[in-house]
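> Got a sequence here, can you model it:
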Amino acid sequence: MLVGNRIKQARKDKNLSQEELGNMIGVTKVSVCGYEKGTRTPAIDTFLDLVNILEIDPLYALGLEKEVVSDNDENYKVRMSSDDIKIIKEIRKNRELYNELCNNPKRTIDIINLKLFKK
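The predicted structure follows:
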């Protein structure tokens, strides 16, 4: 949803309706709505039109605006969103949760998911 939220916010910042943006990039209002909700993925040419019209960096739109260096190897870098970095910082503050996530990430996420959303 990160990509969709960023597209939606940039559209609103430009005071454009979904229909207006759709007309500008050659898609329907329904398609723009799908991009914003994360239920549709724009083709690469449509994505490039989106970022150009909305005047946003493609890496930002994809949630990859921050370059992060690995703890172990300064030559290894990845791109992450600011939101992902905030989440990791908060998890690291809770040492027990952090350790559990490191030891068994899938099981821990399943438990959190079950408790939060009672699935």
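
> what number of residues lie near residue 63?
Counted with other Cβ atoms under 10 Å, residues neighbouring residue 63 total 18. Quick note: C-beta positions are derived from backbone N, CA and C, even for glycine.

> actually residue 2, not the one I wrote
Neighbours around residue 2, by other Cβ under 10 Å: 15.

> Report the secondary structure state of the closest residue to it other than its chain neighbours.
Spatial nearest neighbour of residue 2, chain neighbours left out: residue 63 (4.2 Å); criterion: Cβ to Cβ, 6 or more residues apart in numbering. Of the three states, residue 63 takes coil according to DSSP: H, G, I helix; E, B strand; the rest coil.

> Can you read off the pLDDT for residue 63?
Per-residue confidence (pLDDT) for residue 63: 79.

> Quick check: the gap between it and residue 5.
Per Cβ to Cβ, to the nearest Å, residue 63 is found 9 Å from residue 5.

> Same question for residue 54.
Distance from residue 54 to residue 5, by Cβ to Cβ: 13 Å.

> Wasn't residue 78 part of a strand?
Yes. According to three-state DSSP, residue 78 belongs to a strand.

> Look up the closest residue to it, ignoring the ones flanking it.
residue 68 (5.4 Å).

> And the contacts of the helix or strand that neighbour falls within?
Using DSSP states H and E, residue 68 falls within strand 66-69. Applying Cβ atoms under 8 Å, 6 or more residues apart in numbering, the external contacts of strand 66-69 come out as 76-82, 85.
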